[in-house]
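>>> The following comprises the amino acid sequence and a computationally predicted model.
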Amino acid sequence: MVVSGLPRWLAVVAASLLVVTACRKKDDTPDDLVVADDPLAMAEDGSDANTVETNGQLLTSTLVATSTSGSLSVASASDLGFGDLRTQEVGDGTKALYFPRGCVDVVHDATTKTATYTFAGCTGPSGLARVRGTVRATYAAEGGVLVLDLTADDLQISGATLDVHARAEITAEGVARTMRWKAEIAGQTARGRELTRTSDKTLKWTVGERCLAVEGTSEGKIRSRNLRTVVSDYRRCQRGCPEDGGVITTTNLDSGKVVEIRFDGTDEATFVGPNGTETALPLLCSG
């Protein structure tokens, strides 16, 4: 089974991390006019950063294959039922996940254990859209851990343009899967906002179930803001709403101001401003 073949339900992660971004359109405001402590803008910028990181994690998942036996490998033709992994088949499993057919080209170097994926305007699983650019993945599998070292320059995903240097460590225990994703990211969000971020996130799921758990921290610049975003106890299944207890916290590291988005299992989240004022926020989900 291909990890990213946890089909399109994973798109809900990106959608729910964008709960405040529907409030405003693409922003052309110069950095020197940004009000640093504007709570809504802080939440927007923190959510935009999470969306960028989530898309990078989702794309990474499309490069990996798993089976219910707990084995891990780079996605290959064997994922399509064509037999055991052979060198020339590396990447075929990933190709099958993107449309239109043929929009992904993969070159595999068995000597260096590197697969180079070139995307040409692809639509993929988990809500990935307008994927264009080249991703180089060097892989190693030891002791039940699959390690991917990823590099991409000017990679475009869903309107954002990114330079990415990341390491993904994927483990399996029975049908349980865990991916630790650590990355340095620079570029522009889909709104055209400049960002430079470091990210350390953990994703967990179970083969055969349509649920995902995300936790972790990222921080760095978005426009003139130096923000830290923490995702805690975030869990969601299929198109359902985030489960009760999940929180996304965004902190302006320069001013110390903090805003939160709290989930309670319904189709409305609670936005908490720096002064503790609470505002209901609608979600794109079914409670």
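Received the coordinates, thanks.
>>> Please identify the helix or strand for the residue nearest to the spatial centre of the chain.
With distances taken as C-alpha atoms, centre = their mean, residue 54 lies nearest the centre of the chain, 1.5 Å away. Assigned by DSSP states H and E, residue 54 belongs to helix 39-61.
>>> And residue 179, by the same measure?
Going by DSSP H and E, residue 179 is in strand 176-188.
>>> Pairing partners for residue 178 in the sheet, please.
Here residue 178 shows beta-bridge partners residue 171, residue 204, assigned using DSSP bridges.
>>> Surely it and residue 212 touch.
No. Counting by C-beta atoms under 8 Å, residue 178 sits too far from residue 212 to count as a contact (11.3 Å). For the C-beta atoms, the positions are set from N, CA and C on the backbone; glycine is no exception.
>>> Which neighbours do these two have in common?
Residues touching both residue 178 and residue 212 (C-beta atoms under 8 Å, 6 or more residues apart in numbering): 203, 204.
>>> neighbour-wise, which of the two wins?
Between residue 178 and residue 212, residue 212 has the larger neighbour count (other C-beta atoms under 10 Å), namely 21 against 15.
>>> Any idea what the more buried one is bridged to?
Counting by DSSP bridges, residue 212 is bridged to residue 205, residue 236.
>>> Please, where are all the helices along this protein?
For the chain, helices defined by DSSP state H occupy the ranges 11-16, 39-61, 92-95.
>>> Need the winner for burial among those.
helix 39-61 (a mean of 25; mean count of other C-beta atoms under 10 Å).
>>> Can you pull out the low-pLDDT segments for the stretch 51-200 of the chain?
Applying pLDDT under 70 to the stretch 51-200 of the chain flags the ranges 64-90, 126.
>>> Could the C-alpha coordinates of the strand holding residue 179 be exported in PDB?
Below are the C-alpha coordinates for strand 176-188, written out as PDB (Å, rounded to 0.1, in the frame of the first residue of the first chain):
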ATOM      1  CA  ALA A 176       0.800   1.800  12.600                       C
ATOM      2  CA  ARG A 177       2.900   4.400  10.700                       C
ATOM      3  CA  THR A 178       4.900   7.300  12.000                       C
ATOM      4  CA  MET A 179       6.700  10.000  10.000                       C
ATOM      5  CA  ARG A 180       9.100  12.500  11.600                       C
ATOM      6  CA  TRP A 181       9.500  15.400   9.200                       C
ATOM      7  CA  LYS A 182      12.200  18.000   9.900                       C
ATOM      8  CA  ALA A 183      12.700  20.700   7.300                       C
ATOM      9  CA  GLU A 184      14.100  24.100   6.300                       C
ATOM     10  CA  ILE A 185      11.700  26.000   4.000                       C
ATOM     11  CA  ALA A 186      12.000  29.300   2.200                       C
ATOM     12  CA  GLY A 187       9.900  30.900  -0.500                       C
ATOM     13  CA  GLN A 188       6.400  32.300  -0.800                       C
END
